[in-house]
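*Asks:* Show me the folded form of this:
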Amino acid sequence: MTDIDIDIDEDSDKEAVDRARGRVAETITDLIGHTPMVRLRSFDRAFPGIEIWAKCEFLNPGGSVKDRAAYQMIADAIESGALDRHRVVIDSSSGNTGIAYSLIGGAMGFKVTLVLPGNVSWARRKISEAFGTKLVFSSPMEGSDGAINLCRELVDADPDKYFYPNQYANESNPRGHYLTTAPEIWDQTAGRVTHFVAGIGTSGTVMGTGRRLKELRREIEVWAVEPDQALHGLEGLKHMASSIVPGIYHPGQLDGVLPIGTEEAWDVSEKLSQEEGILVGHSSGAAVAGALRLAKRLVAEGKPGVIVTVFPDRADRYFEAPTAKRLPGP
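*Replies:* Coordinates of the predicted model:
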């Protein structure tokens, strides 16, 4: 996310500079951001005058959109003096932010402890552990809220030991998207974006990106996507009415919230893999399902649109370890 000094003539092609920045980095954290976008033609061809684009956040070095928020929270804490080498970074996570903390901790020399729901995917556990992160598990029945509560208990019991970013209430979370995600979308669409759609987990992506896009052009609509019921199968997303509401979530700044069913999101995820060749998680399916609803509305109103959404991570984050089976005897 930091700029790299490149010795070039003033007349050098900007596109060549951008390509160089994408391939050269002093540290792994310099590769956070600057992710590409892809048009979803098998989806938008049914909607004349509508383009649907997705930002491929799974191409961040930590494999998810959460790299941006985690980096911003850590960088701002170091700058303010809230984080030093004597403290352990601790936070609750459903997996992706935890992996981002783990990568950044490894790169910058900080110890990390994560509090995860007991039913978090095997892949996310193993990736976090590979960075040397300590894992603590909360009740699987309590979801992300249970992890939040247990994390708070650990911090309260030993406040001098930990630096607690608290991704759900830390304004540096949406700030990371305000500073990076939104300007990238604006540039990549040449300022043509009309709608932005993203799922609600911490809400950092939709709040920070949306806030900046509306500053760039106030007519841009910003829509959040959430599960349509409390018991759902969309890992990483929150049903706000039944959850601890993040302190950074300000629904009054949105144009609306789109409730998406688990089955609908899963079906869209399957279509993305089979018709676009893009293997992403179910939260991505939910986001595209929300974009499709907006596309239908625009066509019904006879309006064109450039709808941008976000692919938070790849589907391999949700894979489970194979169950060991006894081989048949001779």
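
*Asks:* which residues in the chain form strands?
*Replies:* Here the chain has its strands, by DSSP state E, at 37-39, 50-56, 88-92, 112-117, 134-138, 162-163, 195-199, 221-227, 256-260, 305-311.

*Asks:* Could you check how far Ser80 is from Gly236?
*Replies:* 28 Å (C-beta to C-beta, to the nearest Å). In this view, the C-beta of every residue, glycine as well, is placed from N, C-alpha and C.

*Asks:* higher neighbour count, these two?
*Replies:* Between Ser80 and Gly236, Gly236 has the larger neighbour count (other C-beta atoms under 10 Å), namely 26 against 9.

*Asks:* Give me the pLDDT for the nearest residue to Ser93 once chain neighbours are set aside.
*Replies:* Leaving aside its sequence neighbours, Ser93 sits nearest to Leu114 (C-beta to C-beta, 6 or more residues apart in numbering; 5.6 Å). pLDDT for Leu114: 97.

*Asks:* Ok, Ser94 next?
*Replies:* Ser94 is given a pLDDT of 78.

*Asks:* residues in contact with it?
*Replies:* Neighbouring residues of Ser94 by C-beta atoms under 8 Å, 6 or more residues apart in numbering: 116-117, 120, 143-144, 147, 201, 235-236.

*Asks:* what about 10 Å?
*Replies:* 66, 116-117, 119-121, 124, 143-144, 147, 201-202, 235-238, 283 (C-beta atoms under 10 Å, 6 or more residues apart in numbering).

*Asks:* Can you get me the start-to-end distance on stretch 90-101?
*Replies:* 9 Å (C-alpha to C-alpha, to the nearest Å).

*Asks:* any idea how far the residue lying closest to Val112 once chain neighbours are set aside lies from Pro165?
*Replies:* Leaving out its chain neighbours, the residue that sits closest to Val112 by C-beta to C-beta, 6+ apart is Gly105, at 4.0 Å. Distance, Gly105 to Pro165, by C-beta to C-beta: 11 Å.

*Asks:* Mind listing the shared neighbours of these two?
*Replies:* Applying C-beta under 10 Å, 6+ apart, one finds that Gly105 and Pro165 are jointly contacted by 70, 74, 89.

*Asks:* need those residues in JSON lines with distance to Ala224, pLDDT and neighbour count, can you?
*Replies:* Shown next, in JSON lines, are the shared contacts of Gly105 and Pro165 (distance: C-beta to C-beta, whole Å; pLDDT from 0 to 100; neighbours: other C-beta atoms under 10 Å):
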{"residue": "Ala70", "distance to Ala224": "21", "pLDDT": "98", "neighbour count": "34"}
{"residue": "Ile74", "distance to Ala224": "25", "pLDDT": "98", "neighbour count": "25"}
{"residue": "Val89", "distance to Ala224": "28", "pLDDT": "98", "neighbour count": "24"}
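
*Asks:* Now for the residue nearest to Ser93: which residues touch it?
*Replies:* Neighbour list for Leu114: 89-93, 95, 97-99, 101-102, 120, 124-125, 128-129, 133-137, 147, 151 [criterion: C-beta under 10 Å, 6+ apart].

*Asks:* Mark which of the residues you listed are buried, thanks.
*Replies:* Neighbour counting by 16 or more other C-beta atoms under 10 Å classes 89-93, 95, 97-99, 101-102, 120, 124-125, 128, 133, 135, 137, 147, 151 among the contacts of Leu114 as buried.

*Asks:* quick one: which of those sit in helices?
*Replies:* If you go by DSSP state H, those have 97-99, 101-102, 124-125, 128, 147, 151 in helices.

*Asks:* for the stretch 1-150 of the chain, which spans come out with low pLDDT?
*Replies:* 1-23 (pLDDT under 70).

*Asks:* ok, the residue most central in space within the chain - contacts?
*Replies:* Note on the chain: the residue nearest the mean C-alpha position is Val65, at 3.2 Å, using C-alpha atoms, centre = their mean. For Val65, the contact set (C-beta under 10 Å, 6+ apart) comprises 35, 55-58, 96-97, 100, 176-177, 181, 198-199, 201, 204-205, 209, 236, 283-284, 310-313.

*Asks:* can you do 8 Å?
*Replies:* Going by C-beta under 8 Å, 6+ apart, Val65 touches 57, 96, 181, 205, 310-313.

*Asks:* And Ile200, by the same measure?
*Replies:* Each residue near Ile200 by C-beta under 8 Å, 6+ apart is listed here: 206, 224-226, 237-238, 240, 249, 257.

*Asks:* can you rerun that using 7 Å?
*Replies:* Ile200 sits next to 206, 224-226, 237-238, 240 when contact means C-beta atoms under 7 Å, 6 or more residues apart in numbering.

*Asks:* out of those, which one sits closest to Arg293?
*Replies:* Checking those against Arg293 by C-beta to C-beta gives Val225 as the nearest, at 9.2 Å.

*Asks:* So in terms of bridging, what pairs with that closest one?
*Replies:* Gly199, Leu258 (DSSP bridges).

*Asks:* I'd say it and Gly199 touch.
*Replies:* Yes - assessed by C-beta atoms under 7 Å, Val225 is found in contact with Gly199 at 4.6 Å.

*Asks:* Give the residues shared as contacts by these two.
*Replies:* Contacts common to Val225 and Gly199, judged by C-beta under 7 Å, 6+ apart, are 286-287.

*Asks:* Noted, bye for now.
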